[in-house]
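Student: Sequence plus the predicted model coming up.
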Amino acid sequence: MKKIFMALALASLALAGGKVIITLDWDPSAIREFSGRIIVKKHLYYIMEVNGKKYYLHIAPEFYLKRKGVILDVGSKIWVKGMVVKVNKDYHIFAKEIKVSGKKLTIRTDDGTPFWRLEMRKRRRMKGVRNHRNSFR
């Protein structure tokens, strides 16, 4: 299984302003579907409310969502298909697909690889990124 790295702002560390980096295995058996609305928008994540229960929602970087024409604000209704992970007492959803305002967007491949990473690699190769010896790779 593919390992994914996520920065989670845990409630217990939020007061100290800390973030914890954890390593997760992408687990297709933990994928569930949710419909709810965005109640909090942060830099790295959103908080989604589903039937009165709160979930930390990890989708994609803002630049990627904008490029795909997806706007997420507080109050937006959203459908999410993603992997659910429990960290301490909080539930986190790592989105595989989302649907907002009738627009559906696939965020990750079946093995959990984010499409924005694949696109960034492709752009670097197309631009001819130089290595430390100032030659193209």
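Tutor: Sure thing, it's come through.
Student: contacts, neighbours, all on C-alpha from now
Tutor: Noted.
Student: What part of this structure, helix or strand, is modelled with the least confidence?
Tutor: helix 11-14 (a mean of 37; mean pLDDT, DSSP states H and E).
Student: Where do the helices of this structure begin and end?
Tutor: Remark: helices assigned in the chain by DSSP state H are 11-14, 62-67, 115-127.
Student: Please name the residues that touch the residue nearest the centre of the chain.
Tutor: Residue closest to the average C-alpha location in the chain (CA atoms, centre = their mean): I59, at 2.5 Å. The contact partners of I59, taken as CA atoms under 8 Å, 6 or more residues apart in numbering, are Y45, F94, A95, K96, I107.
Student: residues touching the closest residue to I98 other than its chain neighbours, list them.
Tutor: Distances taken as CA to CA, 6 or more residues apart in numbering place V80 nearest to I98, at 4.5 Å, with adjacent residues excluded. V80 makes contact with E33, F34, S35, A95, K96, E97, I98, K99, according to CA under 8 Å, 6+ apart.
Student: Out of these, which sit inside strands?
Tutor: E33, F34, S35, A95, K96, E97, I98, K99 (DSSP state E).
Student: Out of these, give me the one that has the most neighbours.
Tutor: Highest neighbour count within those, by other CA atoms under 10 Å: K96, with 27 neighbours.
Student: per-residue confidence for it?
Tutor: The score at K96 is 96. That number is its pLDDT.
Student: go on, the one 4 residues further on?
Tutor: For V100, the model assigns a pLDDT of 94.
Student: Might you report the residue contacts of it?
Tutor: Contacts of V100 by CA under 8 Å, 6+ apart are V70, I71, L72, S76, K77, I78, W79.
Student: repeat that with 6 Å
Tutor: V100 is in contact with I78, counting by CA atoms under 6 Å, 6 or more residues apart in numbering.
Student: And K68, how far from F94?
Tutor: For K68, the distance to F94 equals 18 Å [CA to CA, to the nearest Å].
Student: More neighbours: those two, which one.
Tutor: Shown here are K68 and F94; by other CA under 10 Å, F94 has more neighbours (23 against 12).
Student: Reformat the contacts of V80 into a markdown table and put distance to V50 next to each item.
Tutor: Shown next, in a markdown table, are those (distance: CA to CA, whole Å):
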| residue | distance to V50 |
| --- | --- |
| E33 | 11 |
| F34 | 7 |
| S35 | 6 |
| A95 | 15 |
| K96 | 17 |
| E97 | 17 |
| I98 | 15 |
| K99 | 15 |
